[in-house]
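Asks: Predicted structure and sequence below. I'll ask about it afterward.
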Amino acid sequence: MGRKLLLEHINVPGINTFDVYRSKGGYASVEKALKTLSPDDVVEEVKKSGLRGRGGAGFPTGMKWSFLAKPEGVERYLVCNADESEPGTFKDRYLMTHIPHLLIEGMIVASYALGAKTSYIYVRGEMMPQIRILERAIQEAKNAGFLGKNILGTGYDLELYVQPGGGAYICGEETALLESLEGKRGNPRIKPPFPAIAGLYGCPTVVNNVESIAAVVPIINEGGDEYAKVGIGRSTGTKLISAGGNLKRPGVYEIELGVPVEEFIYGDDYCQGIANGKRLKAVVAGGSSVPILPANLILKTINNEARLMSYESLSDGGFATGTMMGSGGFIAYDEDQCIVRNTWNFARFYHHESCGQCSPCREGTGWMEKVLHRLEYGHGKMSDMDLLVDVSKKIEGNTICPLGDAAAWPVASAIRHFRDEFEWHVSNPSAAISGNYGIAHYADPLPTPEPVA
Amino acid sequence: MLSVQDTSTPVIFTPELISKFDDIVSRYPQGKQKSALLPVLHLVQAEFGWVSPQAMDKVAEYLSIQPIEVYEVATFYTMYFLKPQGKYMLEVCRTGPCEIVGATPIMEHIEKTLGVKEGDVTPDGLFSWRGVECLAACGFGPVLQIGPEYTFYENLTTDSVDKLITDLKGKANN
């Protein structure tokens, strides 16, 4: 098993308390940053680390930080996105529940780097237990002098607050999150201006995922260059993977980027294969929004090379034969799962969660849900698959925020890779209600590509 | 249209509740007290079991904003109940990862056991249930949560649901 940079001490009893966390070297990065580094030095280390945003988009965190505008006399804010709502993803809940001080420590260092004097952790409202855990951790850190006025006698002041959401997937989109934090409906803003110029209360703001902020701690402790040595290529460091679905041992795993997908699914150190001795049919590798792949294409790329858990390898082949790392929400489907039903379920989710601001998404997600529902319940037509692809194309790229794309991709990819299962639903409506299409050819070995002359 | 049920029970914010509101408002810059709206509505719901129109008007007054600013938020976010619910609202995750490990049979079992449809309240006023979207606990499905504490129940089976309902009944009758 690879190195653990975030979860090394997760099983230490009492690690959720300040004293135990501190005894394991916790808050060392705050001391190092505030006492020996300038804010710009911290940004530089994060740039060197190659850390990419762990919320889903994978945008380099250091670069995002360097875009922050710094006009004189204007407040700047750091907001942590803990609105974890992407189906398949539950790593942030795990981190906040078991090792809350890691997030607090990262928030202090990141706020210092950005010059924020007030920072917020926006937690999805359903995570009230985690909100209570974080608030206690903040109080402990404050009592120990790591938050509040004149932290560690360095003259740096920081207040940190936890804000609950109200139950809306869309608030994971950073501008919707800011709207929500301002006490409004979670309608994403038109960009530009980006939050780095005009974010919370119109002030320059950085919004980062929980895991990205936590990763700042090992980056500062070990140095950006050392962090960049972990992982593979441009996928540096470790990533928390939320493994769910029909796996023998689901849960949150910290992996070194670059582990083969096959090892992650079947390896003894990871998920240990598919539950109940069944066979793998399909995988959604990065949360419900990313394209679903049949078993053969998730294990191997189209060139018959082992697919790795890295940003590059997962997206190898583009959307034709690849997928995305996304948020690391890894959902495995066994041979008994119905792809049509799953696609309908996700379409219903996106319809429910669309904020309603842009017509293509508001209307399109509803149409996709309706058409998929009739396919699943035996009233589909052969023309429905093309209709779904057509609707998905009219949503994609035509909305203010990426929720439209997120709704379109799972539908388009399911039809791309599992079209015969959809057609079987149309031709055999009663069989499709009582039984399912099974694994079919979805796990068959890929043909060896023709050698290039 | 705002779909809310009226009630004649007067809404009174106790000094304790108001001091909790004040504490939240202190987290934001001067003049940005509207940021307290979501957390304040959670406190209102925890206190009264739902967010009534009267309560929303009082929240607007407290935060010095227009009532419509409260209505539009309360109706946008799914966690706020716009009508009274059972004392225990069982919210079962129904999204993909939970669905493939058996969320639907769990919801069917709850419906049968409680004898009420999704969104309705049992005659004793103790229970309501509904399917909700992803609760970010996909490795431990099926899951359900119960507010206002939002306690989580993971890896549900029909047996564990039966036990939960029996325990809650016992708790309510003591």
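Replies: Received, thanks.
Asks: Can you tell me the SS state at residue A:293?
Replies: For residue A:293, the assignment made with DSSP: H, G, I helix; E, B strand; the rest coil gives strand.
Asks: dump the residue contacts of the residue nearest to it when sequence neighbours are not counted.
Replies: Leaving aside its sequence neighbours, residue A:293 sits nearest to residue A:323 (Cβ to Cβ, 6 or more residues apart in numbering or on different chains; 5.3 Å). In short, each C-beta sits where N, CA and C put it, glycine included. Contact analysis of residue A:323 by Cβ atoms under 8 Å, 6 or more residues apart in numbering or on different chains lists A:284-286, A:290-293, A:298, A:314-315, A:413.
Asks: partners of the closest residue to residue B:120 other than its chain neighbours in the sheet?
Replies: Residue nearest to residue B:120 in three dimensions, not counting chain neighbours: residue B:128, with 6.7 Å by Cβ to Cβ, 6+ apart. In this structure, residue B:128 bridges to residue B:89, residue B:121 when assessed by DSSP bridges.
Asks: circling back to that earlier point, am I right that the residue nearest to residue A:293 sits in a helix?
Replies: No. Using three-state DSSP, the assignment for residue A:323 is coil, not a helix.
Asks: what about it, distance to chain B?
Replies: 15 Å (Cβ to the nearest Cβ, to the nearest Å).
Asks: Looking at the stretch 101-250 of chain A, which residue is nearest chain B?
Replies: Taking Cβ to the nearest Cβ, chain B has its nearest neighbour within the stretch 101-250 of chain A at residue A:166, 2.8 Å off.
Asks: Quick check, that residue in contact with residue B:76.
Replies: Yes. Applying Cβ atoms under 8 Å, one finds residue A:166 in contact with residue B:76, separated by 7.4 Å.
Asks: quick revisit: go through the contacts of residue A:323 and give me the one with the most neighbours.
Replies: Using other Cβ atoms under 10 Å in any protein chain shown as the neighbour criterion, residue A:284 leads the contacts of residue A:323 with 30 neighbours.
Asks: Next, the contact list for that one, please.
Replies: Residue A:284 is in contact with A:88, A:290, A:292-293, A:323, A:329-331, A:333, A:410, B:96, counting by Cβ under 8 Å, 6+ apart.
Asks: For chain B, just list every one of the helices.
Replies: B:15-25, B:37-48, B:53-63, B:67-76, B:96-99, B:103-114, B:158-173 (DSSP state H).
Asks: just the angle between the longest one and helix B:103-114, please?
Replies: Here helix B:158-173 runs at 40 degrees with respect to helix B:103-114, directions being taken by axes from the mean of the first three to the mean of the last three Cα atoms, to 10 degrees.
Asks: can you check the first one too?
Replies: Between the axis of helix B:15-25 and that of helix B:103-114 there is an angle of 170 degrees, by the same axes, to 10 degrees.
Asks: starting at the chain centroid, how far to stretch A:270-284?
Replies: Averaged C-alpha coordinates place stretch A:270-284 at 21 Å from its chain's average position (Cα atoms, centre = their mean, to the nearest Å).
Asks: Endpoint to endpoint, it covers what distance?
Replies: For stretch A:270-284, the first-to-last residue distance is 17 Å (Cα to Cα, to the nearest Å).
Asks: Quick check: buried residues in it?
Replies: A:270-271, A:273-275, A:278, A:280-284 (16 or more other Cβ atoms under 10 Å in any protein chain shown).
Asks: closest to chain B among the residues you listed?
Replies: Nearest to chain B among the buried residues of stretch A:270-284 is residue A:284, at 7.7 Å by Cβ to the nearest Cβ.
Asks: Quick check, the residue in chain B closest to chain A?
Replies: Nearest residue of chain B to chain A (Cβ to the nearest Cβ) works out as residue B:77 at 2.8 Å.
Asks: Against residue B:39, how distant is that residue?
Replies: 12 Å (Cβ to Cβ, to the nearest Å).
Asks: neighbour-wise, which of those two wins?
Replies: When neighbours are counted by other Cβ under 10 Å, residue B:77 and residue B:39 differ, and residue B:39 comes out ahead with 24 against 20.
Asks: Which pLDDT value belongs to residue 104?
Replies: No chain specified, so I'll use chain A. Here, the pLDDT recorded for residue A:104 equals 98.
Asks: not quite, I wanted chain B
Replies: 96.
Asks: So it sits against residue B:94, correct?
Replies: Yes. At 7.4 Å, residue B:104 and residue B:94 qualify as touching, with contact defined as Cβ under 8 Å.
Asks: which one of those two has more residues nearby?
Replies: Under the criterion of other Cβ under 10 Å, the comparison of residue B:104 against residue B:94 puts residue B:94 first, with 22 against 16.
Asks: Can you give me the pLDDT of that one?
Replies: Note on residue B:94: pLDDT of 97.
Asks: hang on, it packs against residue B:102?
Replies: No. With contact defined as Cβ under 8 Å, residue B:94 does not count as touching residue B:102 (10.9 Å).
Asks: Show me the shaky parts of the chain.
Replies: Answering for chain A, as no chain was given. Regions of chain A meeting the criterion pLDDT under 70 cover residues A:1, A:451-453.
Asks: wrong one, chain B
Replies: Along chain B, segments meeting pLDDT under 70 span B:1-9.
Asks: From the centroid of chain A, which residue is nearest?
Replies: Ranked by distance to the mean C-alpha position of chain A (Cα atoms, centre = their mean), the top residue is residue A:327 at 2.0 Å.
Asks: Which of the buried residues of stretch A:270-284 fall within strands?
Replies: Judged by DSSP state E, the buried residues of stretch A:270-284 include A:280-284 as members of strands.
Asks: Surely residue A:408 is in contact with residue A:399?
Replies: No. Residue A:408 sits out of contact with residue A:399 when judged by Cβ under 8 Å, with a separation of 9.3 Å.
Asks: helices or strands up against the helix or strand hosting residue A:218?
Replies: Using DSSP states H and E, residue A:218 maps to helix A:210-222. The helices and strands touching helix A:210-222, judged by 3 or more Cβ pairs under 8 Å, 6 or more residues apart in numbering or on different chains; DSSP states H and E, are helix A:28-36, helix A:39-49, helix A:61-66, strand A:77-82, helix A:91-98, helix A:100-114, helix A:224-229, strand A:238-245.
Asks: Break the chain into its domains for me.
Replies: Just going to use chain A. A:18-229, A:238-334, A:339-434 (automatic domain parsing).
Asks: The intended chain is chain B.
Replies: Taken from automatic domain parsing, chain B resolves into B:15-76, B:88-173.
Asks: related to what we said a few turns ago, give the residue from residue A:166 and residue B:76 that has the larger number of neighbours.
Replies: Per other Cβ under 10 Å, whichever of residue A:166 and residue B:76 has more neighbours is residue A:166, with 23 against 20.
Asks: what's near enough to touch the more buried one?
Replies: A:125, A:180, B:38, B:41-42, B:73, B:76-80.
Asks: from those, which is closest to residue A:372?
Replies: residue B:78 (21.6 Å; Cβ to Cβ).
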